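Sharing a model that was predicted from the sequence below.
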Amino acid sequence: MPSDTANSDSEKWLLLRSLTEDRPHFVGVIPALPPPHVRAAFPQRITIVVAYEENEKGLPLYEDDLTALNHLEDDIREWDPERRVFLNAARSTGLGERRWILYATDVDAMEALVPENDFMDISVEHDPEWSDIAAILAGIPAAH
């Protein structure tokens with residue numbers, strides 16, 4: 001998985017590209033796990049998934065879908081600009097879906113921020129060790 005570092009709202013993210021089922025899969029992830037005290041303060045993993053009609057490469061078939069997904073990405077950043085309720089830890093695009101992984105202080109606070117939409121599938125799991133992010137980071141070659 002080749003990677004690049006990108007700045008987004010003064011955050012550094014690793015941008016990863018891989019092939020899954022012979023189709024591209026793009027992942028943006030924080031470059032390292034936060035310290036244990038930060039992970040303990042944000043123990044609830046919130047996963048938001050939005051499905052889209054995909055082309056032969058597993059990416060959005062329609063430009064409007066890609067635009068809508070990117071606008072939703074901007075909205076997610078605006079839900080908590082002070083970063084007191086959740087931290088945006090990863091995003092992936094491919095195989096007909098965009099997935100965000102956020103870590104929240106508690107489920108009730110996050111539910112207050114996320115607007116209800118029929119097109120979003122939202123799940124919550126207690127994950128104080130940030131295991132999903134740890135697994136992504138463990139799969140990255142050391143020379144990133």
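Received it, and whenever you're ready, just let me know what you need.

now the strands for the protein?
Secondary structure of the chain (DSSP state E): strands located at 3-8, 11-20, 23-29, 44-51, 86-94, 97-104, 120-126.

Take those strands and write them to a markdown table, including mean pLDDT, mean neighbour count and distance to residue 73.
The C-beta positions use only the backbone N, C-alpha and C, and glycine is treated the same way. Shown next, in a markdown table, are the strands of the chain (pLDDT from 0 to 100; neighbours: other C-beta atoms under 10 Å; distance: least, C-beta to C-beta, whole Å):
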| stretch | mean pLDDT | mean neighbour count | distance to residue 73 |
| --- | --- | --- | --- |
| strand 3-8 | 40 | 12 | 9 |
| strand 11-20 | 77 | 15 | 12 |
| strand 23-29 | 86 | 18 | 10 |
| strand 44-51 | 92 | 18 | 10 |
| strand 86-94 | 90 | 21 | 7 |
| strand 97-104 | 92 | 22 | 8 |
| strand 120-126 | 89 | 13 | 13 |
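
Need these in TSV (columns: distance to residue 75).
Listed next are those as TSV, based on distance: least, C-beta to C-beta, whole Å:
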stretch	distance to residue 75
strand 3-8	14
strand 11-20	16
strand 23-29	16
strand 44-51	11
strand 86-94	11
strand 97-104	11
strand 120-126	11
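
how about residue 91, what does it touch?
Neighbouring residues of residue 91 by C-beta atoms under 8 Å, 6 or more residues apart in numbering: 27, 28, 29, 73, 98, 99, 100, 101.

Distance to residue 60 added to those residues, as JSON lines?
As requested, the contacts of residue 91 are arranged in JSON lines below (distance: C-beta to C-beta, whole Å):
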{"residue": "27", "distance to residue 60": "16"}
{"residue": "28", "distance to residue 60": "16"}
{"residue": "29", "distance to residue 60": "20"}
{"residue": "73", "distance to residue 60": "13"}
{"residue": "98", "distance to residue 60": "8"}
{"residue": "99", "distance to residue 60": "14"}
{"residue": "100", "distance to residue 60": "15"}
{"residue": "101", "distance to residue 60": "20"}
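
what's the closest of those to residue 63?
Residue 63 lies nearest to residue 98 out of these, by C-beta to C-beta, at 14.6 Å.

The closest one reaches residue 47, doesn't it?
No - taking contacts as C-beta atoms under 8 Å, residue 98 lies outside contact range of residue 47: 11.4 Å.
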